[in-house]
Structures are given as C-alpha cells and as structure tokens.
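Peer 1: What would the 3D arrangement of this be:
(chains A and B)
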Amino acid sequence: MDFTVTDAHDSTEIRLHGRMTFSDHDTFRSVIAAFERPAGHRMVFDLSGLDFVDSSGLGMFIIARDTAQKKKLDFAMRGARDEVQRLITLAKLHKVFTIDA
Amino acid sequence: MEFPTETPASLYGLELGIPLGDRRVLIADDSRFNRRTLARFLQWIGIVQVAFATNGQELLDQVESFDPDLLLIDANLPPIDGMALCRVLRGNPRWRDLPILMQSTRQTDQIRSLCFQAGATDLLAKPINPGECVARVRYHLERRSMVQELRAFRERVERDLRQARSMQLALVPDAEWLEAMASRNALRIEPVFQTSDEVGGDFWTTFEIDGGHVGVFVADLSGHGIASAINAFRLHTLLTRTPPDDLRDPARLLTQLNQRLADILTVGQFATAFYGVIDRHADSLRYAAAGAPNPLLGSRGGFRVLDASGMLLGAFADAEYENRSTPFHPGDTLFLYSDGLTEARDRDDAMLGEEGLADLIEQAVLTAPEHPFPWLMARFAERFGTGLYDDLTALWIARDATS
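Peer 2: The predicted structure follows:
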C-alpha cells in the first residue's frame, strides 16, 4: 500500500492506494504520523484507490479512528469500492465510523 | 623478520580488542617458522586453542578431529596445493561455511581470483603482515559467530512456532468425541481445520446444550502470528467458562464475549465470529454474527447465503448483536468457513470469492452427492495448493435426512 497526504486549511485528505494488509504496518505508522493536527481538524481517508483490505487493514482503520479521538480530530472515510466496501458493510463499520459515499 | 614474543599492549597504537579465547584456529603450513609466527599473532588476540597441519592429509584429519572455527592455509601446502585442498573442503557440506584464509606469496590478480574461486573466504599476503592478519582473523571469527547466533535464534523461533501451532490444533474438538456427539444429535459434522505456516488466529468449536440444541462457534482473530494465536486461546477460555444459559442465546453470547474481549484486546485487534444454535425439535437454526464470512445453507431448493454481518467482536465495548433465525430441516446443510477459503489466491492471483465458493458447492452436490465436502476440498486444493498463508476453517454440517 502507498499513500498521499493533501493538506487544506482545516482538513487533511489521505489517499490510500493498493492493497492494505499485514505487511503495511510500517507504512501505516507514517499515515498515523500525519494525524499531528490541531483539535477540530478534519481527517479523511480516501479509499477509492484501495483494492483490498484484510483483517490487519481493518485493524488499522480502527487504530486511526482511536488516534483521531485521542487527538480530538474529526475522522471520516470515503470512496470505498468493491471488496473494501463489502468488508465495511459486513463489519457494519458505519455504526462507529463516519462513512461518506 | 623478528616479532615480539610477548603480547604487545597495542599494535601501531590500535587496541587489539576482546580476547577470542573460546575460538579454535587450525594453521596449515609446511614451514615451522610460519606456523609458530602465526600462532604468536593469534595469541595477541587471545586465541590459544590452536592446532597445526603440515600437509594435506594432516589438514583433512585435523579439520575432522579439531573442528576449527577458522582455517589459515598456505596456498602451497603439499602435496597438491592449498587451492585444491580448499575445493575438497568446500565439497563437504560440513565445511561449507568454514572461514578459510589463504596465504600466498604470489599476489597477482589472477592468482587471487583463483584462490577465491577455489573457495577461500579471504586472502593474506606472504610475508605476513601482523596487523592485517589479526584484523582479518577477528573479522571472520566475529562474522561466523553472528551467523551462528542468528541461525540458532531462528531455529528456536521455528521450534516455538511449531509448538504454538500444535497447541492451536489441539483447541478444536477431538475427532472421536465430535463423531459421537454429532451422531447423538442426528448430525454429520465434517471439519477441515488447517493452520498456516505463519501461526494464525482461526478457531472453532461445537457443543451440546440441553434439550436437543447444538451450538457451533467459528471465529477468526485478526492479524497473524503469535498474537493472533494467543487471542484465539483467550477466546477459547472465555467460551469454556460461559454458563449454559448464555449459550442458548447467540446474540447474548456475542454481546458478552464482545465486552470481555474489548477489555483484553488492544486497539485494532478483534475477531470475526459466527455462533449458531441448531434446534432439532423446532427444525431451526438461530444465530448471531460479527462480520463473519457469510455461511451457506443448503436445503431442497439449493444453497442460499445467510447474512453474517455484524460488528467486529472485541473492537468496540458497546457493540450490539441481534439474533436471526432460519429453518433447518432434516436433510439440510450448514456450511461455515473462514476467509482463508474465499480469500485464497491461485496461480493467477485470483481469489475464490463468495460467488466462486457458491458455484463450487453447487458442483459438489451435483457431482458427488454422497460426499460433496471431500470433493469440494479436493477441488480447492487443486486450484489453490496446500501451502497456506492464512488459516483455513471449513465446516460441513448436515442434518440426517431421517431424524
């Protein structure tokens, strides 16, 4: 998996690309490092470039949400498709995550 | 040239380093002067376990009996020469990694290349440079012990993983007990449970609850490796401590397990799970799920998918679960599995997927109506191989047609 970070005035968009699996732990640490933002800032994961996510990947989403909560940031995910969308639905993530279309 | 007989305090002002007293060095040279000189240098770096060979045959004998950590060999060692002896040694797997330092008076690039090609690890000039000699000997001895440590560590870890894996296999119901229990309840339960080369977090169990109820539990702990396996053991313990009252209500069981797991799992860890209770008298299956792969239920009309969506188990303390119910008549089949089945990748990197699995099951009941499950798993193994990157659980549960 690779990712790009795009900063705007009060929001940051992180675009995830490729397959998100167990071997992406180190990459994900860098993603979390981007969560160093002031309280109230909005963090968005753009998942449109993500082809696949395994249980470790889902775990990373949960860690991101937890990190955002601890730093009082808004956190949302959007653009999930195919397999990724299927997993998000199966795990009923919309009950705890802000999932935009 | 005369060299000091006592160990100097330092060489050219440089420290001589930690004494390598526990290493063994074999010196193969037909000149007594050379043998003594080299032994003295080795003494400077604390090497006192030294053996000698004056010719090729003695060298081969000494290598076997002395078992050196390093060999210093003269390129002109009689009767053939050092390079030929080097090749002989390298031909034996036992000496493939032995550091061999070859000394030669002839230092042309061609000669040096030939020495390396013969299997020498490093080359030393002749006449000997003491500083270079001790530096290279030290380097190769230290490197060798690093490699040996790494190898030993790796072997230990692999042993531990094998043991963890066999413990994981011991968590699932015993085959004999399972057959007896199934028989008592007019069921046929065929399990496949394979742990991957990397220890994983799959887990399943089944048990009799009173009054004609049989519970089946399948879970997959997130991640890989030892951490997942440990969490699988924890889940197993929680289940075994659950009182029967809580086993009758799937949603209640998952709710309680969720709360306990949310306490002990770290952020980002969770399990997907399915828990179903077969009721023989009511001809029904009552179940609750936490994002498990969708089970398949087979009846006279064919196989249909059951909805196993639900919040991940152990991730969020206040997660709620709901009971669902579906008819489960004599002759019906319940197929449960972990994502190791649907997410396996074949040679073309294609996954089986839910649709692929549904097709395969349909083919199985058509082609091998008496024993569809072994047929299914055989086709799976053909396409996806048997080396697993993830654990694989598959349960074929059939109610006897006449019960």
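
Peer 1: make it CA atoms for all contacts and neighbour counts henceforth
Peer 2: OK.

Peer 1: Would you mind finding the longest helix in chain A?
Peer 2: The longest helix of chain A (DSSP state H) is helix A:55-70.

Peer 1: Mean confidence (pLDDT) on that helix, please.
Peer 2: For helix A:55-70, the mean pLDDT works out to 94.

Peer 1: for the record, mean pLDDT for the helix or strand following that helix?
Peer 2: Reading on from helix A:55-70 to the C-terminus, the next helix or strand found by DSSP states H and E is strand A:74-78. Taken as a whole, strand A:74-78 carries a mean pLDDT of 96.

Peer 1: mind checking how far residue A:85 is from residue B:380?
Peer 2: 26 Å (C-alpha to C-alpha, to the nearest Å).

Peer 1: Can you see whether the longest helix of chain A contacts chain B, counting any residue in it?
Peer 2: Yes - residues of helix A:55-70 contacting chain B under C-alpha under 8 Å from any C-alpha of the partner chain: A:55-56, A:58-63, A:66.

Peer 1: Which element is encountered next along the chain beyond the strand or helix carrying residue B:113?
Peer 2: Per DSSP H and E, residue B:113 falls inside helix B:109-117. Remark: after helix B:109-117, the chain's next helix or strand is strand B:122-125, criterion DSSP H and E.

Peer 1: Up against chain B, what does chain A have?
Peer 2: A:22, A:55-56, A:58-63, A:66, A:89-93.

Peer 1: dump the residue contacts of the nearest residue in space to residue A:82 that is not next to it in sequence.
Peer 2: Among residues not flanking residue A:82 along the chain, residue A:51 sits closest, at 7.5 Å (C-alpha to C-alpha, 6 or more residues apart in numbering or on different chains). Residue A:51 is in contact with A:17-19, A:81-84, counting by C-alpha atoms under 8 Å, 6 or more residues apart in numbering or on different chains.

Peer 1: what about 7 Å?
Peer 2: A:18-19, A:83-84 (C-alpha atoms under 7 Å, 6 or more residues apart in numbering or on different chains).

Peer 1: ditto for residue B:253
Peer 2: So, once contact is read as C-alpha under 7 Å, 6+ apart, residue B:253 ends up touching B:246-247.

Peer 1: mind listing the helices in chain A by residue range?
Peer 2: A:25-33, A:55-70, A:82-90.

Peer 1: Quick one, which of those gets closest to residue B:69.
Peer 2: Taking C-alpha to C-alpha, helix A:25-33 is the member of the helices of chain A nearest to residue B:69, at 38.5 Å.

Peer 1: just to revisit the earlier point, out of the helices of chain A, deepest packed?
Peer 2: Comparing the helices of chain A by mean neighbour count (mean count of other C-alpha atoms under 10 Å in any protein chain shown), helix A:55-70 comes out on top with a mean of 20.

Peer 1: Quick check: which helices or strands does it pack against?
Peer 2: strand A:74-78 (3 or more C-alpha pairs under 7 Å, 6 or more residues apart in numbering or on different chains; DSSP states H and E).

Peer 1: contacts for the strand it packs on?
Peer 2: A:40-47, A:65, A:68, A:97-101.

Peer 1: Would you mind checking those residues for buried ones?
Peer 2: Buried members of the contacts of strand A:74-78, counted by 16 or more other C-alpha atoms under 10 Å in any protein chain shown: A:41-47, A:65, A:68, A:99.

Peer 1: Any buried residues in stretch B:278-289, and which?
Peer 2: By 16+ other C-alpha under 10 Å, the buried positions in stretch B:278-289 come out as B:278-280, B:284-289.
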